[in-house]
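Enquirer: Just the structure for this:
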Amino acid sequence: MAPRSRAELQATLDARQVPTDVAQSVLDRMEELSLVDDAAFAQAWVRSRHAGRGLSRRALSHELYRKGIDAEVAAAALDTVDDADERETARRLVTRRLHTTRGLDRVTRTRRLAGMLARKGYSGGVVQQVVREALDAEGTEQELDRDVVRPSGH
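Expert: Now for the predicted structure:
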């Protein structure tokens, strides 16, 4: 079974119609034994989903909220991802997807790459900067490749 937050376990016990006092007692005991730890869960969730899926802090915050993680606990876990981490992850995502848009015009490529980042929760400023930098860098690399391949005519 995958790790779960206390709220998720509470919802499961409620769905199985476990009496509230019994459910609270069980969950309290699980916390005492460190079998349920929302802070550790939140930190592991943030690390995993940021690195694996490339989700932004905003998207991760929403996921933690849906999992019933307390706002302060979520904020502490989200503090492990800073602006530089987020930009770097966005760059890696764009770099990985860039080749799938080759052959398309720049506007279409920008729209597709920006849409991918937006769906992962990145802000408009980060999206614009990272996509523009990637497309500009690719254009520079292609120009350099053409200069190397094309004879100078001398």
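Enquirer: how about the strands in the protein?
Expert: For the chain, strands defined by DSSP state E do not occur.
Enquirer: Any idea which helix or strand in it has the lowest mean pLDDT?
Expert: One helix or strand of the chain scores below all others by mean pLDDT, DSSP states H and E: helix 124-149, with a mean of 77.
Enquirer: Spit out the contact partners of the spatially most central residue of the chain.
Expert: By C-alpha atoms, centre = their mean, the chain has its centre lying nearest to Leu55, at 0.9 Å. Leu55 is in contact with Arg49, Glu63, Lys120, Gly121, counting by C-beta atoms under 8 Å, 6 or more residues apart in numbering. In short, each C-beta sits where N, CA and C put it, glycine included.
Enquirer: and it, how far is that from Leu117?
Expert: Computed as C-beta to C-beta, to the nearest Å, the Leu55 to Leu117 distance reads 11 Å.
Enquirer: And the chain, split by domain according to the record?
Expert: Following automatic domain parsing, one finds the domains of the chain at 6-78, 83-149.
Enquirer: So for the first one, first residue to last residue, what's the gap.
Expert: The reference is to domain 6-78. Start-to-end span of domain 6-78 (C-alpha to C-alpha, to the nearest Å) is 18 Å.
Enquirer: Right, I'll call it a day here.
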